[in-house]
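Chemist: Here's a sequence, model it:
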Amino acid sequence: MEIITIYDNIANDPQFKTDWGYACVINHPKKRILFDTGEHANILEKNLHTASIPIKSIDILILSHLHSDHIGGANWVVEQNPNVTVYIPDTFSKKLEHQLRIHCSNIIRVKKSISLAQNDFHIILTKNIWIKEISLAITTPQSNILISGCSHSGINNILDEARKYIKQDILTLFGGLHLLQTSDQNITKIAQKLKNSYLKKIAPCHCTGDKALTILKENFSDDFLINGVGAKFNL
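Modeler: Below is the predicted model:
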């Protein structure tokens, strides 16, 4: 299985265009999944082309939450690939859902955590006061993986919910951790809790923030994976 960060505001591979937002592609033997779409369809299209990923090859589109830097390319995706199955939190507005349904009828509102594809993929629903979001847990014989778009619910809360749902520990974490405006003291507490939560590898990006990336790298050392647009991880 391979995970490619296809849209991010952190540079990694100069062949890919950098922009604020997040998306990644999961190349799995059973399904090819696009998780989020970034802000701009033309940048998503360019980066998919650079990665040699045809848009029609995407089986599943997961939209983590309704912020534009995660769903801005969604309409383009369903226009180009109307056969894709789309998963959205049930707090998406009817207007946004209707826009997607103009081209795609396979849209599923997620009201609780669910499993897909013989329990290899698990869509984890979490919420805070303001927003619901969905993350993706993937179970493999080698490692259980969690991908989070922005972690508005708090990354440790999301990990706890994922562990509770799949009844196993998460060993590898990818995505945005939403620590841009968090104090150094609280980032350190979060990093230490992550380190003590059975995580073996961590690959943060997007809204994690530079100071949080530094603190997380100090805590995880060689288990900190450098992420950013164009980064590829074979698992």
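Chemist: can you pull the pLDDT of the residue lying farthest from the centre of the chain?
Modeler: The centre of the chain is farthest from one residue, Gln185, which by Cα atoms, centre = their mean lies 25.7 Å away. Looking at Gln185, its pLDDT is 96.
Chemist: looking at this, it is in a helix?
Modeler: Yes - membership of Gln185 in a helix is supported by DSSP: H, G, I helix; E, B strand; the rest coil.
Chemist: and the next element down the chain from the least confident helix or strand in the chain by mean pLDDT?
Modeler: Lowest on mean pLDDT, DSSP states H and E among the helices and strands of the chain sits helix 94-101, with a mean of 93. Going down the chain from helix 94-101, the next helix or strand is strand 107-110, by DSSP states H and E.
Chemist: which helices and strands sit right next to the helix or strand that that next one is followed by?
Modeler: Later in the chain than strand 107-110, the nearest helix or strand by DSSP H and E is strand 114-116. Contacts defined by 3 or more Cβ pairs under 8 Å, 6 or more residues apart in numbering; DSSP states H and E place strand 114-116 against strand 121-127. Just so you know, the C-beta spots here come from the backbone N, C-alpha and C atoms, and that holds for glycine as well.
Chemist: Partner strands of the following helix or strand past the strand it packs on and their direction?
Modeler: Using DSSP H and E, the helix or strand that follows strand 121-127 in sequence is strand 132-139. In the sheet, strand 132-139 lines up against strand 121-127 (antiparallel), strand 144-148 (antiparallel) (DSSP bridges).
Chemist: ok, Thr172 touching Pro204?
Modeler: No - in this structure, Thr172 is not within contact of Pro204 by Cβ atoms under 8 Å, at 11.5 Å.
Chemist: the more surrounded of these two?
Modeler: The residue with more neighbours, out of Thr172 and Pro204, is Pro204; 27 against 22, by other Cβ atoms under 10 Å.
Chemist: Quick one: residues contacting the more buried one.
Modeler: Pro204 sits next to 173-177, 212-213, 216, 227 when contact means Cβ atoms under 8 Å, 6 or more residues apart in numbering.
Chemist: most neighbours, which of those?
Modeler: Comparing the contacts of Pro204 by number of neighbours (other Cβ under 10 Å), Gly175 comes first, having 31 neighbours.
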